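Q: Give me the fold of what follows.
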Amino acid sequence: QVGCALNCQFCLTAKMGLKSQLTTAEIVDQVVQTRRFFGHEQELTNVVFMGMGEPLHNPDNVIPASNILINGRGLDFSRRKVTVSTSGLVPAIRRFGKESTARIAVSLNATTNEVRDWIMPINRKHPLEELMQALREYPLGKHERVTFEYVMLKDVNDSMDDAKRILRLVSNIPCKVNLIPFNPHPGTEFDP
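A: Just a heads-up that it's a prediction; the model follows:
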């Protein structure tokens, strides 16, 4: 995407709003151009759909793009090296699990609905209980796992109680939790 419509309170991209959706060709071309530009210096080994926008807000283009990256007749990445990150669009997560074999990552960022409703408004539509149930049912292959991304916000989601709640939330889900330092930006109310 160019921009994002989800309005996560800690995200600078959210201030842009959604400008447009990328096509399948535009998404794949970013990888092709990166290989061309850096290929002589360093091999491109992993691709993660994240950083600007909500990939699963654009499933009609992201799913085919992820499949082209993985396909032996496409760019031939290992399916274990292509990951799509989402903020928690439950119906799209279920669709993605049926139509792509790429890995999935979920921006969790809070351990209660109260905090997640505040910092990630998508939680009001798909609360933690619904999200975690969808991930418990997600069709993971052998030796696969969900990656949970967790941006650390001072005095918002970084308590020992939050750490204990993370353990309860992810129980019975093969996973890893990636703690991410918050990058402050002008106008934010949050601290790392």
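
Q: Can you check which helix is longest in the chain?
A: Using DSSP state H, we find that the single longest helix of the chain is helix 24-38.

Q: Can you name every helix or strand that it contacts?
A: Packing contacts for helix 24-38, counted by 3 or more C-beta pairs under 8 Å, 6 or more residues apart in numbering; DSSP states H and E, involve helix 59-70. C-beta: built from backbone N, CA, C; applies to glycine.

Q: Show me what counts as buried in the helix it packs on.
A: For helix 59-70, a neighbour-count test (16 or more other C-beta atoms under 10 Å) marks 59, 61-70 as buried.

Q: With stretch 22-36 instead?
A: Within stretch 22-36, the residues that count as buried by 16+ other C-beta under 10 Å are 22, 24, 27-28, 31.

Q: before we move on, what about stretch 70-86?
A: If you call a residue buried by 16+ other C-beta under 10 Å, then stretch 70-86 has these buried ones: 70, 75, 77, 79, 82-86.

Q: Then stretch 175-187?
A: Judged by neighbour count using 16+ other C-beta under 10 Å, the buried positions of stretch 175-187 are 175, 182.

Q: what's the first-to-last distance across that stretch?
A: In terms of C-alpha to C-alpha, to the nearest Å, the two terminal residues of stretch 175-187 are separated by 34 Å.

Q: Averaged pLDDT, that stretch. What do you get?
A: For stretch 175-187, the per-residue pLDDT values average out at 94.
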